[in-house]
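> Next come a sequence and a model predicted from it.
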Amino acid sequence: MSNITNIEKFLKEQENKDMLRFLTCGSVDDGKSTLIGRMLYDSKKVFEDQLSTLKNESKKYGTTDEEIDLALLIDGLQSEREQGITIDVAYRFFTTDKRKFIIADTPGHEQYTRNMVTGASTSDAAVILIDATKKITTQTRRHSFIVNLLGIEHIIVAVNKMDLVNFDQNVFEEIKSSYKKIADELKMKNVYFIPISALKGDNVINPSKNMNWYKGDTLIHLLENIEINEDISEKNFRFPVQYVNRPNLKFRGYCGTIVSGSVRVGDEITVLPSGKTTRVKSIISSSDITEKNREVTTNEAYAPMAITLTTEDEIDISRGDMIVHTDAIPRISNTLKVMLVWMDENPMIPGRTYDIKRATSLVSGYFEHINYKVDVNTYERIQTDKLELNDIASCKIVLTRPLAVDTYKENKHTGSFIVIDRITNNTVGAGMIVNVARREGDKRVSPERKYTETEIA
């Protein structure tokens, strides 16, 4: 068999594998980066030149005595290596015979909560590491709250450093029992427990010979076989319009990416927030729309395809509008109850006007009220009049015009948003829509301003 045939076969195999995105989180020195390094190393995904550099770096920093410091594969920043901590989110890709993986290694420090939220927002599963010598800490509770808040359904509790407690089953069972109380408190769905040693490799890729009492799966086997129930192509059809394409007088198409569901030629659709109804005339799946009109069309498209739609009727459709099936219309409102993660050094003060970006929509709005902020270490609800960096709170937000939205539990793509500072243009917050209130008319843009603006329908 020729090399070209081998390459084609390999690429075809990779294409047919499904992908799991997961993050690792835990307290400082729990071994997150070491665990990912071990997975890459034991799955033979480290090149010879990387291994040579890794050995030299391990001697330089001396964090693991004579052994290779696998954490250095992940902690790429100089400051991370010098301090022995993870600061930024590091993403790594690797593959096994069964599945492809994208790993997000997130920081353990409380001051980097926003970084962890970033890594968790796109993950299907979370590996929460617990140091067997320290047991459950306040950071364990914090990370559990965040991954649960972001809707991650599969939580793997990896009790690490079992080699430092002589692979004692009683230590593992005690931690397992304590964590189950947290899981019950947060109403977590799928929680798995595995005793491991990331440094030695026990129960990571290969079963541990030191823990014969553990009869469950290794970490990699569990990750390979977790079922991702969410199929975005089976949800309600949601198509945020990104661009109106008008290459010539004979053609008008609406471009974007289907974030959920599917659509067929002839389907009845509604454009929101205007409420205008029409039918799909054609679906163009290729970007080759030229004056010669050489488009590649299809009868059906589904998430996450990037397409161009044309409609049977000429109606007003603009960037930021959302196209949905007429029989599955989301709620439309300018008043939302949200969970907000504040990501800026400057505090969030109710009444200040921000730009809110949700999918392709960009509207102005302000936080009318902070219902409460959550102490992520104790889960206590605290009354406050402003939010500081890394605070997580329940808020009421009022927009200058209504949006068609789903709750975050129903649809992550149409139920999440970011907050942008109108002066600096920095992203200062991220939020999840919890509930949609009734539409409020004639709302002020902000209490800071002396005039009102009528809500745009």
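It's in.

> Output the lowest mean pLDDT helix or strand found in the chain.
Least confident helix or strand, the chain: helix 78-83 with a mean of 41, by mean pLDDT, DSSP states H and E.

> and the next element down the chain from that one?
Tracing the chain past helix 78-83, the next element assigned as helix or strand by DSSP states H and E is strand 90-95.

> So what's the gap between that following strand and the chain middle?
Distance of strand 90-95 from its chain centroid, counting by CA atoms, centre = their mean, to the nearest Å, is 15 Å.

> What's the mean pLDDT across that strand?
Averaged across strand 90-95, pLDDT comes to 78.

> now the angle between strand 90-95 and the next helix-or-strand element following it, please.
In the C-terminal direction, the helix or strand that comes right after strand 90-95 (DSSP H and E) is strand 100-105. Using axes from the mean of the first three to the mean of the last three CA atoms, to 10 degrees, the direction of strand 100-105 lies 160 degrees away from that of strand 90-95.

> Strand partners (parallel or antiparallel) of strand 100-105?
Paired neighbours of strand 100-105 in the sheet (DSSP bridges): strand 19-26 (parallel), strand 90-95 (antiparallel).

> so which of those strands gets nearest residue 156?
Across the strands paired with strand 100-105, residue 156 has its closest neighbour in strand 19-26 (8.1 Å, CB to CB). Where C-beta positions appear, they are placed from N, C-alpha and C, glycine not excepted.

> Keeping just the C-alphas, turn that closest one into PDB.
Output of strand 19-26 as PDB, limited to C-alpha atoms (Å, rounded to 0.1, in the frame of the first residue of the first chain):
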ATOM      1  CA  MET A  19     -14.700  14.500  19.600                       C
ATOM      2  CA  LEU A  20     -14.900  15.100  23.300                       C
ATOM      3  CA  ARG A  21     -13.900  18.400  24.800                       C
ATOM      4  CA  PHE A  22     -13.100  18.200  28.500                       C
ATOM      5  CA  LEU A  23     -11.300  20.400  31.100                       C
ATOM      6  CA  THR A  24      -9.200  19.600  34.100                       C
ATOM      7  CA  CYS A  25      -9.600  21.700  37.200                       C
ATOM      8  CA  GLY A  26      -8.500  21.500  40.800                       C
END
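
> Which residues outside that strand are in contact with it?
32, 35-36, 99-106, 108, 116, 119-120, 122-131, 139-140, 143, 146-147, 160, 223, 226, 228 (CB atoms under 8 Å, 6 or more residues apart in numbering).

> Quick check on these: which are buried?
Neighbour-count burial (16 or more other CB atoms under 10 Å) is assigned, among the contacts of strand 19-26, to 32, 35-36, 99, 101-106, 108, 116, 119-120, 123-131, 139-140, 143, 146-147, 160, 223, 226.

> mind listing which of these are in strands?
Counted as lying in strands by DSSP state E, out of these, are 101-105, 125-131, 160.

> Can you add distance to residue 296 and mean neighbour count and give the strands paired with strand 100-105 back as a markdown table?
Output for the strands paired with strand 100-105, formatted as a markdown table (distance: least, CB to CB, whole Å; neighbours: other CB atoms under 10 Å):
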| stretch | distance to residue 296 | mean neighbour count |
| --- | --- | --- |
| strand 19-26 | 26 | 23 |
| strand 90-95 | 30 | 16 |
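
> who wins for proximity to residue 274 among the ones you listed?
The closest of the strands paired with strand 100-105 to residue 274 is strand 19-26. By CB to CB, the value is 35.2 Å.

> Okay, angle between that closest one and strand 125-131 too, please.
Taking the same axes, to 10 degrees, strand 19-26 and strand 125-131 form an angle of 30 degrees between their directions.

> So which residues of the stretch 151-300 of the chain form strands?
Assigned by DSSP state E, counting those that start in this stretch, the stretch 151-300 of the chain shows strands spanning 154-160, 190-195, 238-240, 243-248, 251-257, 262-264, 268-272, 276-284, 297-298, 300-302.

> ranking these by mean pLDDT, which is last?
Comparing the strands of the stretch 151-300 of the chain by mean pLDDT, the weakest confidence falls on strand 297-298, with a mean of 85.

> Relative to residue 368, which of the ones in strands among the buried ones among the contacts of strand 19-26 is nearest.
Nearest to residue 368 among these is residue 126, at 32.5 Å by CB to CB.

> okay, the closest one: pLDDT?
According to the prediction, residue 126 has pLDDT 92.

> Pick out the most distant pair among the ones in strands among the buried ones among the contacts of strand 19-26.
102 and 131 (25.1 Å).

> From residue 425, how far off is residue 254?
If you measure residue 254 against residue 425 using CB to CB, to the nearest Å, the figure is 27 Å.

> Looking at these two, which one has more neighbours?
It is residue 254, of residue 254 and residue 425, that has more neighbours when counted by other CB atoms under 10 Å, with 21 against 9.

> which stretches of this structure aren't confidently modelled?
Using pLDDT under 70 as the threshold, the predicted model of the chain has low-confidence ranges 1-16, 28-30, 43-89, 108-112, 229-233, 286-295, 438-457.

> Check it for its longest helix and report it.
Scanning the chain for the helix with the most residues, using DSSP state H, yields helix 169-186.

> From the chain's centroid, how far away is that one?
Mean C-alpha position of helix 169-186 versus that of the full chain (CA atoms, centre = their mean) differs by 26 Å.

> helices and strands around that helix, which ones?
With contacts defined as 3 or more CB pairs under 8 Å, 6 or more residues apart in numbering; DSSP states H and E, helix 169-186 has these neighbours: helix 138-149, strand 154-160, strand 190-195.

> Tell me which of those lies nearest to residue 181.
The stretch from those with the least distance to residue 181 (CB to CB) is helix 138-149; that distance is 10.4 Å.

> who's in contact with that closest one?
Applying CB under 8 Å, 6+ apart, the external contacts of helix 138-149 come out as 23, 25-28, 108, 110, 113, 116-117, 120, 123, 126, 128, 130, 155, 179, 182-183, 186-188, 339, 374, 376-379, 392, 432.

> Wasn't residue 344 part of a strand?
No. Per DSSP: H, G, I helix; E, B strand; the rest coil, residue 344 lies outside any strand segment and is coil.
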